[in-house]
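Engineer: Let me see the structure of the following:
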Amino acid sequence: MVGFPSSTRGFTVRTRPIVLLSTLAAATLLLAGCGSSTPEATETPDASTDLCSVAAASGDASDGVTIDGTFGEVSTATFETGQTVDELQRTVVSEGDGEKIADGDYVAYALSAFAADTGERVGDAGYTEGELLPAQITADASLAQVMGCATVGTRLSVAFPTSEQAAAQFYIIDVLGVTPTAAWGTEQEPVDGMPTVKLADDGEPSVEIPDAEAPAELQIAVLKEGDGAPVAAGDTTLLQYQGVDWETGEVFDASWQNGAPISIQGNTYVEGFIQALEGQKVGSQVLVVIPPALGYGEAGTSDHELAGKTLVFVIDILANQTAVTQQ
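Structural biologist: I've put the predicted structure just below:
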């Protein structure tokens, strides 16, 4: 993406075992529809297909799981061990009364994973705030086979197929909510001298630069105050952004124009962008004016097209995954 912040900070992203587990779990979800065991279950659904029609069917394996515990809390799955699972299966254990997942939604979820050969718990993720980022569910992706057509509040029993590399796995998946794609916090009073921001119906911002010299120092203003947990150093944040050149007023890059929110592991952006994120709450919208020293450097210090530029960003903080030191 032309002009989007790139890492200048150079810190190492800290991890925890549960985050590593969640990464493996997400990979398993994505790969579940790509195995070679049953061709009919591995075809990539057409993007125009309704999510209900691409959701995996239930089967003896997913039906045969007994779950002890409450939705939204870590629970236990009991099942016959040593099973061979030929295709992805999912069973609705309890149906939630919330909204139905739609194509393109970002879904907050939690899961517990168990090994089919031994019955042992592989691990849990998403039951503590900040462990997982929401997953986007689209009709042409394998995740739709797992969570498509579910409603918020639904608990699923999912059996992932046996492969040549690994035994089958059983998952408890709780559909916790749908994450908005624009900041939802309480509007705050604008700050004099800062650029002004207007929002379209979908939340996309437009920025008007004041008729004034660019400030020499970093300026940060909260346009909407969220109600979620604050972003800390090394976290990974799901966000929308728009970047504007102070001098020309032109947009040089924007997630809105690129079609989707983004997240970069460890929030390794330019320093001014990092400072604007840290300490802000999920659900907030932040306006930041970044001088060249905290952006891409002064003119002549690099070949980057934004070197020497004062940058203006509007940032919507949609979700956050916390990084902690590995134990």
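Engineer: Report the secondary structure state of the nearest residue to Thr154 once chain neighbours are set aside.
Structural biologist: Nearest non-adjacent residue to Thr154, counting by C-beta to C-beta, 6 or more residues apart in numbering: Gly96, 4.2 Å away. From N, CA and C alone the C-beta is placed, and that goes for glycine too. Classification of Gly96 by DSSP: H, G, I helix; E, B strand; the rest coil places it in coil.
Engineer: so Gly96 sits right up against Ala150, yeah?
Structural biologist: Yes: the pair Gly96 / Ala150 is scored as a contact, 7.5 Å apart, by C-beta atoms under 8 Å.
Engineer: Look at the two and report which has more neighbours.
Structural biologist: Ala150 (26 against 18; other C-beta atoms under 10 Å).
Engineer: Now do that one against Gly297, distance only.
Structural biologist: Counting by C-beta to C-beta, to the nearest Å, the gap from Ala150 to Gly297 is 47 Å.
Engineer: before we move on, what about Gly193?
Structural biologist: 25 Å.
Engineer: Run a quick neighbour tally on the closest residue to Ser75 other than its chain neighbours.
Structural biologist: Computed as C-beta to C-beta, 6+ apart, the closest residue to Ser75 that is not its neighbour in sequence is Gly69, at 2.5 Å. Per other C-beta under 10 Å, the neighbour tally for Gly69 reads 14.
Engineer: if we can go back for a sec, touching both of Gly96 and Ala150, which residues are there?
Structural biologist: Applying C-beta atoms under 8 Å, 6 or more residues apart in numbering, one finds that Gly96 and Ala150 are jointly contacted by Val175.
Engineer: quick revisit: list phi and psi for the residue nearest to Ser75.
Structural biologist: Main-chain dihedrals, Gly69, degrees, to the nearest 10: phi 150, psi 180.
Engineer: quick revisit: which residues sit in contact with the residue nearest to Thr154?
Structural biologist: So Gly96 contacts Phe71, Ala150, Thr151, Val152, Gly153, Thr154, Arg155, Val175 (C-beta under 8 Å, 6+ apart).
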